[in-house]
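Peer 1: Got a predicted model here, sequence first, then my questions.
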Amino acid sequence: MPKQTASNTIGPFFHHILTPEGHGKSGITDNKLAGKKTKGERIHVEGLILDADGKPLRAAMLEIWQANAAGRYNSPVDDRDEAQLDKKFSGFGRVSSGSKGKFEFETIKPGSVPSTGNAPQAPHINLTLFAAATDIHLFTRLYFSDEEEANEIDPVLSSVNAARRDTLIARRKKTKKGIVYRFDVQVGGDDETVFFAI
Amino acid sequence: MPTLAPLKKLDRTVQPKSSATKRLVPIKQSLSELAGPVFGLNAVKKIDADLTKNAAKKGKEAIGERMILTGSVTDEEDRPVPGALIEIWQTNAAGLYAHKGDQHDAPADPNFHGTGRCVTGADGQYRFTTIRPGAYPITRLGNRWRPAHIHYSITGGSFAQRLITQCYFPGDPLQDDDFVFQAVTNKAARERLIVKYAPEQSIMGYAAGYSFDIVLRGRDATPMEK
């Protein structure tokens, strides 16, 4: 049987191909996941990507993967009849953080997706973090502060030490530009984000 | 729900060490991890896979030693992964990235951007035409050089199968002292990152062929309970 190919760092020079918006080129995807016709509540997610000292993590990229408002993934693997596909929503995005560590993406709030065994999971966004200083990517999830009841019984959140669960909860606030969820990602340090082995 | 076979774990004997300082929390895979974005062949244009021409002015091409870079994307059970998006980026022949962050004092090539894309076919195969990249200095580490390499991003299959890596070239002495290559501590896994000369892929009188095969996480035999 063949062995897995080893990961190597993304390095600092990926922007022109992976997140080329702002470099005069268009990429496969970007940080605006929701179009005019996408169904669901429009949201902004904003935050910082930080290192162990709370400083901006150099040359970092987040990849975003989420279900649509009905809780369905735009993927052939998800062929459930009970949750409807939204052809106007791929659920896949990318964003790189600037020199100040800041990132922002626009999307819709996802619906609930079942876990194995069909127990509901709380609405969440799957995130993959890549950075020049990491040899292999890190997986995490973003949950929503206004989904307290669903979060309470979510099988993944429940498996996380209660003291660290807050690192996975994005805080909702109303602003002039609309609904904003605040979510920071930190690698190292006391407040390190929970990362998953999936 | 569809029948889903869970993915095998990341092979920690092969993969470099995670940068997380606290323990990674294991979770049971669900649709979130097993579904993934799929890219049709229409996601890319044919020219995207030819780096010698995709950023060149009319009638021009990139300067450097042309090469055909081809291979397969399969999983650990040797099954092809069709519809995987492969994105690559690299320096020009002189070791300079077309990126404003690259401070290396090497000549730019106005006909080379160093980025390419393609999508694997039903057989999991991909193919690029490019030029051989150059080595470049990492002065923040002193008088040290990174060996020639090409960055690979593979988005295909499941969310959890995501991979970013780099391929290298045979016989490059700079690999011995390279902090990125050596971050893979398993020698056999490092050697698999080195492209192979593939003369059957060469185009006579035009470009020599090289192959780089990519293996993603496979699936366990038994489908998981719904």
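Peer 2: All right, it came through fine. Every value quoted in this text rests on a predicted model; they were computed, and no experiment measured them. Residues are numbered from 1 along each chain as shown, chains lettered A, B, ... in the order given.
Peer 1: just the strands in chain A please.
Peer 2: If DSSP state E is used as the criterion, the strands of chain A fall at A:42-50, A:60-66, A:92-96, A:102-108, A:124-131, A:138-144, A:169-175, A:178-182, A:185-186, A:196-197.
Peer 1: Give me the distance between the first one and the centre of its chain.
Peer 2: To tie it back to what came earlier, the one meant is strand A:42-50. Centre-to-centre, strand A:42-50 and its host chain are 9 Å apart (C-alpha atoms, centre = their mean, to the nearest Å).
Peer 1: coming back round to it: will you turn the strands of chain A into CSV that also has mean neighbour count, distance to chain B and mean pLDDT?
Peer 2: Bear in mind the C-beta positions are built from the backbone N, C-alpha and C, glycine included. Shown next, in CSV, are the strands of chain A (neighbours: other C-beta atoms under 10 Å in any protein chain shown; distance: least, C-beta to the nearest C-beta, whole Å; pLDDT from 0 to 100):
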stretch, mean neighbour count, distance to chain B, mean pLDDT
strand A:42-50, 20, 12, 98
strand A:60-66, 25, 5, 98
strand A:92-96, 23, 4, 96
strand A:102-108, 19, 14, 97
strand A:124-131, 24, 5, 98
strand A:138-144, 23, 6, 98
strand A:169-175, 14, 15, 98
strand A:178-182, 16, 18, 98
strand A:185-186, 22, 10, 98
strand A:196-197, 18, 4, 98
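Peer 1: May I see those strands organised as a markdown table, with distance to residue B:140 added?
Peer 2: Rendered in a markdown table, the data for those read as follows (distance: least, C-beta to C-beta, whole Å):
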| stretch | distance to residue B:140 |
| --- | --- |
| strand A:42-50 | 21 |
| strand A:60-66 | 18 |
| strand A:92-96 | 21 |
| strand A:102-108 | 24 |
| strand A:124-131 | 16 |
| strand A:138-144 | 23 |
| strand A:169-175 | 34 |
| strand A:178-182 | 33 |
| strand A:185-186 | 23 |
| strand A:196-197 | 32 |
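Peer 1: Tell me which of these sits nearest to residue B:19.
Peer 2: strand A:138-144 (6.9 Å; C-beta to C-beta).
Peer 1: For residue B:199, give me its contacts.
Peer 2: B:208-209 (C-beta atoms under 8 Å, 6 or more residues apart in numbering or on different chains).
Peer 1: measure it to chain A for me?
Peer 2: Relative to chain A, residue B:199 is positioned 22 Å away (C-beta to the nearest C-beta, to the nearest Å).
Peer 1: circling back: between the strands of chain A, which one is nearest to residue B:202?
Peer 2: Nearest to residue B:202 among the strands of chain A is strand A:124-131; the distance by C-beta to C-beta comes to 33.5 Å.
Peer 1: partners of that closest one in the sheet?
Peer 2: Neighbouring strands of strand A:124-131 in its sheet, by DSSP bridges, are strand A:60-66 (antiparallel), strand A:138-144 (antiparallel).
Peer 1: Give me the contacts around it.
Peer 2: The list of residues contacting strand A:124-131 from outside it, by C-beta under 8 Å, 6+ apart, reads A:9-10, A:14, A:45, A:49, A:57-66, A:107, A:110, A:113, A:137-144, A:154, A:156, A:185, A:187, A:195, B:19, B:32-33, B:159, B:162, B:164.
Peer 1: Helices along chain B, start to end?
Peer 2: Per DSSP state H, chain B has helices spanning B:31-34, B:187-191. These are given in chain order.
Peer 1: Residue B:88 is nearest to which of these?
Peer 2: In terms of C-beta to C-beta, the element of those nearest to residue B:88 is helix B:187-191, at 19.3 Å.
Peer 1: Show me the residue at the heart of chain B, geometrically.
Peer 2: To find the centre residue of chain B, average its C-alpha atoms and take the closest one (C-alpha atoms, centre = their mean): that gives residue B:152, at 2.1 Å.
Peer 1: Please list all residues in contact with residue B:112.
Peer 2: Residue B:112 sits next to B:51-52, B:55-56, B:62-64, B:92-93, B:98, B:131 when contact means C-beta under 8 Å, 6+ apart.
Peer 1: closest to chain A among these?
Peer 2: Looking at these and their distance to chain A, the nearest is residue B:98, at 6.6 Å (C-beta to the nearest C-beta).
Peer 1: Contacts only, for that closest one.
Peer 2: Contacts of residue B:98 were listed using C-beta under 8 Å, 6+ apart, and they are A:16, B:55, B:92, B:108-109, B:112-115.
Peer 1: Next: residue B:165.
Peer 2: For residue B:165, the contacting residues are A:5-8, B:151-152, B:154, B:193, B:214, taking C-beta under 8 Å, 6+ apart as the criterion.
Peer 1: which secondary structure elements does the strand ranked longest in chain B contact?
Peer 2: Taking DSSP E as the criterion, chain B has its longest strand at strand B:66-75. For strand B:66-75, the helices and strands in contact under the criterion 3 or more C-beta pairs under 8 Å, 6 or more residues apart in numbering or on different chains; DSSP states H and E are strand B:125-131, strand B:208-211, strand B:214-216.
Peer 1: Residue A:191 is nearest to which of the ones you listed?
Peer 2: Ranking the helices and strands packed on strand B:66-75 by distance to residue A:191, with C-beta to C-beta as the measure, places strand B:214-216 first at 32.3 Å.
Peer 1: ok, residues contacting that closest one?
Peer 2: With contact meaning C-beta under 8 Å, 6+ apart, strand B:214-216 is reached by A:2-5, B:71-76, B:81, B:152, B:154, B:156-157, B:161, B:163, B:165.
Peer 1: Check the residues you listed for burial and list the buried ones.
Peer 2: Of all the contacts of strand B:214-216 considered here, the ones buried according to neighbour count by 16 or more other C-beta atoms under 10 Å in any protein chain shown are A:2, A:4-5, B:71-76, B:81, B:152, B:154, B:156-157, B:161, B:163, B:165.
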